[in-house]
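**Q** Need coordinates for the below:
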Amino acid sequence: MAENTTQVENNKVDVKKLSFERAMEELESIVKRLEDGKVPLEESVAIYERGEALKRRCEELLRQAEARVDKITTDASGQATATEPLDVQ
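**A** Take a look at the predicted model:
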């Protein structure tokens, strides 16, 4: 019952405001509930839709993190000389 209460509370939180870790935690909880197969059909559809939104949020945050990663350039001796933005395309 506590898990259902937590799930209801989670559904009230705007996905766009969640950190990567929080979104992933909630997504994992949804996957577990769906895999258990004990959720009624209508609720399954609702939490599946929430899971899709969470997945998109996690992907968005990962893309943003990748865009901030710098590629280190080195000289012939292997010494770091500079950094440049990582090409994530």
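**Q** what element comes up after the helix or strand of the chain with the lowest mean pLDDT heading to the C-terminus?
**A** The helix or strand of the chain with the lowest confidence, counting by mean pLDDT, DSSP states H and E, is helix 2-12 at a mean of 57. Following helix 2-12 in sequence order, the next helix or strand is helix 20-36 (DSSP states H and E).
**Q** Does anything pack onto that following helix? Which helices or strands?
**A** Under the contact criterion of 3 or more CB pairs under 8 Å, 6 or more residues apart in numbering; DSSP states H and E, helix 20-36 touches helix 2-12, helix 41-68. All C-beta spots, glycine's among them, are computed from the backbone N, C-alpha and C.
**Q** List the buried residues for that helix?
**A** 23, 24, 26, 27, 29, 30, 33 (16 or more other CB atoms under 10 Å).
**Q** Pull up the gap between the fifth one and residue 20, please.
**A** Same thing as residue 29. Note on residue 29: its distance to residue 20, by CB to CB, to the nearest Å, is 15 Å.
**Q** The spatially most central residue of the chain - nearest residue in space that isn't next to it in sequence?
**A** In the chain, the centroid-proximal residue (CA atoms, centre = their mean) is residue 58; its distance is 2.2 Å. Computed as CB to CB, 6 or more residues apart in numbering, the closest residue to residue 58 that is not its neighbour in sequence is residue 23, at 5.2 Å.
**Q** and the one you found, what does it touch?
**A** 15, 54, 57, 58, 61 (CB atoms under 8 Å, 6 or more residues apart in numbering).
**Q** pLDDT and distance to residue 42 for those residues - can I get that in a markdown table?
**A** Formatted as a markdown table, those follow (pLDDT from 0 to 100; distance: CB to CB, whole Å):
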| residue | pLDDT | distance to residue 42 |
| --- | --- | --- |
| 15 | 97 | 20 |
| 54 | 98 | 19 |
| 57 | 98 | 23 |
| 58 | 98 | 25 |
| 61 | 96 | 29 |
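**Q** Among these, the buried ones, what's the ChimeraX command?
**A** Of the contacts of residue 23, the buried ones go into a single ChimeraX selection, burial set by 16+ other CB under 10 Å:
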select :15,54,57,58,61
